[in-house]
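In: Need coordinates for the following:
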Amino acid sequence: MKKIINKKSILAVVIVLVLAIGIFFGWTQMTYKAAEDPAISMDSNYVKEDDWLIYGDKSSTTGIILYPGAKVEPEAYGYLAQELAKDNMIVAIPKLTLNLAIFDYKKADEMITKYKDVDWLIGGHSMGGAAAAMYVDKNMDKVKGLIFLGSYAADNESLFKSSLPVLSISGSEDGLSTPEKIKEKKNLLPSTTEYFQIKGGNHAQFGVYGEQPGDNKANISVKEQQDIIVKTIEDWVEANKFGNK
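Out: Have a look, this model is predicted:
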């Protein structure tokens, strides 16, 4: 009788685990897709290389690897990428395992290994920024800088001790990576970190994919927020002289 009960218990646990995995997988596939905005003009000057979207001239000496936020499709960051590419940068956005950057934080190795003559910067939005910080923490010698978009670092072993150039762009109306959370996590970043808060900006408008649960309403348009992000990154790149061989 005990053997029968044990077998039934094991079977029940297995069924629960399978259902949980199935539910989790289904949740990861419910993604935020790129949205159209009448104020934003998109072009088709990019290439698909394996599971990467690559914008700009591959001979550029400055590159940005941009990890998407959780369950956000790479195309939602297409406007940021195409505008940064106009400033002589190569911008690469990956499709991530289960659409969650923390499961694929080493993805940057593919670009860095393939394009060795590029000064690579790595960054990301929301969970993508946290994953980018995880990568940098283990691969400090492979990148020249780190960019957070509505994001912050989790615990790390070496990042906060480094002198790595870091740029943190946040939104005053961000309901997920709130101003309070950005401030709370400052001690995990190096003293070289530069902080820029977009007045009126929220979480979802770091991409172009519409509204997101838990976020606050932005007080500026998505086009305004996107253009501020582009200009802030461009100024930071220029000030740090990345790509000057």
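In: Please enumerate the strands of this protein.
Out: Secondary structure of the chain by DSSP state E: the strands cover 46-49, 52-55, 62-67, 90-94, 119-125, 145-149, 166-171, 194-198.
In: comparing those strands, which gets the lowest mean pLDDT score?
Out: Among the strands of the chain, strand 46-49 carries the lowest mean pLDDT, at a mean of 90.
In: What is that strand packed up against?
Out: strand 52-55, helix 78-85 (3 or more C-beta pairs under 8 Å, 6 or more residues apart in numbering; DSSP states H and E). All C-beta spots, glycine's among them, are computed from the backbone N, C-alpha and C.
In: With just CA atoms, put the last one into PDB.
Out: Going back to what we said before, that points to helix 78-85. Taking C-alpha atoms only, helix 78-85 is exported to PDB below (Å, rounded to 0.1, in the frame of the first residue of the first chain):
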ATOM      1  CA  GLY A  78      14.600  49.300 -33.700                       C
ATOM      2  CA  TYR A  79      14.200  53.100 -33.600                       C
ATOM      3  CA  LEU A  80      16.900  53.500 -31.000                       C
ATOM      4  CA  ALA A  81      19.200  51.300 -33.000                       C
ATOM      5  CA  GLN A  82      18.600  53.000 -36.400                       C
ATOM      6  CA  GLU A  83      19.200  56.400 -34.900                       C
ATOM      7  CA  LEU A  84      22.300  55.500 -33.000                       C
ATOM      8  CA  ALA A  85      23.600  53.800 -36.200                       C
END
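In: now the angle from it to strand 145-149?
Out: 150 degrees (axes from the mean of the first three to the mean of the last three C-alpha atoms, to 10 degrees).
In: OK, contacts around residue 169?
Out: By C-beta atoms under 8 Å, 6 or more residues apart in numbering, residue 169 lies in contact with 147, 148, 149, 150, 196, 197, 198, 206, 229, 232, 233.
In: now the most centrally placed residue in the chain, which residues is it bridged with?
Out: Nearest residue to the geometric centre of the chain (C-alpha atoms, centre = their mean): residue 124, 2.0 Å. Residues in a beta bridge with residue 124, per DSSP bridges, are residue 67, residue 148.
In: so who does it touch?
Out: 66, 67, 68, 69, 101, 130, 131, 132, 147, 148, 149, 151.
In: Closest to residue 214 out of those?
Out: residue 69 (12.2 Å; C-beta to C-beta).
In: got a pLDDT number for the closest residue to the closest one other than its chain neighbours?
Out: Counting by C-beta to C-beta, 6 or more residues apart in numbering, residue 69 lies nearest to residue 126, which is 3.5 Å off, once chain neighbours are set aside. If you check residue 126, the pLDDT there is 96.
In: for the chain, what spans make up the helices?
Out: Under the criterion DSSP state H, the chain carries helices at the ranges 2-28, 78-85, 108-114, 127-138, 179-184, 222-240.
In: how far away is residue 130 from residue 30?
Out: 20 Å (C-beta to C-beta, to the nearest Å).
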